[in-house]
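K.L.:
fold the following and give me the result.
(chains A and B)
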Amino acid sequence: RKEVEQDPGPFNVPEGATVAFNCTYSNSASQSFFWYRQDCRKEPKLLMSVYSSGNEDGRFTAQLNRASQYISLLIRDSKLSDSATYLCAVNQAGTALIFGKGTTLSVSS
Amino acid sequence: DVKVTQSSRYLVKRTGEKVFLECVQDMDHENMFWYRQDPGLGLRLIYFSYDVKMKEKGDIPEGYSVSREKKERFSLILESASTNQTSMYLCASSLAGGNYGYTFGSGTRLTVV
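P.N.:
As a prediction, this is how the structure comes out:
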């Protein structure tokens, strides 16, 4: 049962590039959506929530497509410090977050 | 900042030992969670709790139990440690309801030999 799926990558991009990740979810009753960032040997940290109307935080934009059941994360003007694993997470009412396995991003100079 | 503290960063235990992993949060969060993270398998939910003395099984509860006697503390217990329980264990907490992201502790890397 694969409830939340992500392309594992790795995505290798040069500094300044724009990169996008998608995450699909199988349960149409899912209600809350998040993107997390995880650095090597560290805990996941909340990057941003994903709202139906989409949301933006600086160089990061998150979007939700309920009809096609996916969320996306767009990173513009990539920095070396953006290199990390990005996890999507999906919640249904009354349960805990289900995480994707993560997409690895490597930004090079 | 919300702080979730896990008692040990690294732990080595022998097969058959009873192991306690402790997690404490300081922001009065109602919800607490235990995940394990393994290469290629991602984060998998073991148990969670919405309130004191309440617990719910996650996707992989076998071989584990939990205790939540106080709101700020959520303990994971390995009843009889086995080598396949070698993993990174992550505790998390959140406000009540499903609309809030989680704050994770820094993890406990458990090795069972």
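
K.L.:
mind checking how far A:Phe11 is from chain B?
P.N.:
17 Å (CB to the nearest CB, to the nearest Å). Bear in mind the C-beta positions are built from the backbone N, C-alpha and C, glycine included.

K.L.:
that residue: neighbour count?
P.N.:
19 (other CB atoms under 10 Å in any protein chain shown).

K.L.:
repeat that for B:Leu95.
P.N.:
16.

K.L.:
got the contact list for it?
P.N.:
Contacts for B:Leu95 were tallied using CB atoms under 8 Å, 6 or more residues apart in numbering or on different chains; they are B:29-31.

K.L.:
for A:Phe11, list each beta-bridge partner.
P.N.:
Per DSSP bridges, the residues bridged to A:Phe11 are A:Leu105.

K.L.:
surely it is in contact with A:Gly102?
P.N.:
No - counting by CB atoms under 8 Å, A:Phe11 sits too far from A:Gly102 to count as a contact (11.4 Å).

K.L.:
name the nearest residue to A:Gly16, ignoring sequence neighbours.
P.N.:
Closest residue to A:Gly16 apart from its sequence neighbours, by CB to CB, 6 or more residues apart in numbering or on different chains: A:Asp77 at 5.7 Å.

K.L.:
and that neighbour, how close does it get to chain B?
P.N.:
Distance of A:Asp77 to chain B, computed by CB to the nearest CB: 24 Å.

K.L.:
hang on, the earlier thing: among the contacts of B:Leu95, which ones lie close to chain A?
P.N.:
B:Asn31 (CB under 8 Å from any CB of the partner chain).

K.L.:
just the contacts of B:Leu95 now: which is nearest B:Cys23?
P.N.:
Among the contacts of B:Leu95, B:His29 lies closest to B:Cys23 (CB to CB), at 11.1 Å.

K.L.:
quick check: that closest one touching B:Cys91?
P.N.:
No - taking CB under 8 Å as the definition, B:His29 is not a contact partner of B:Cys91, at 11.2 Å.

K.L.:
the more surrounded of these two?
P.N.:
B:Cys91 (28 against 20).

K.L.:
beta partners for the more buried one?
P.N.:
Beta-bridge pairing for B:Cys91 (DSSP bridges): B:Trp34.

K.L.:
mind listing what it touches?
P.N.:
By CB under 8 Å, 6+ apart, the contact set of B:Cys91 is B:4, B:6, B:21, B:23, B:32-35, B:74, B:76, B:104-105.

K.L.:
now do A:Ser68
P.N.:
Neighbour list for A:Ser68: A:Thr24 [criterion: CB under 8 Å, 6+ apart].
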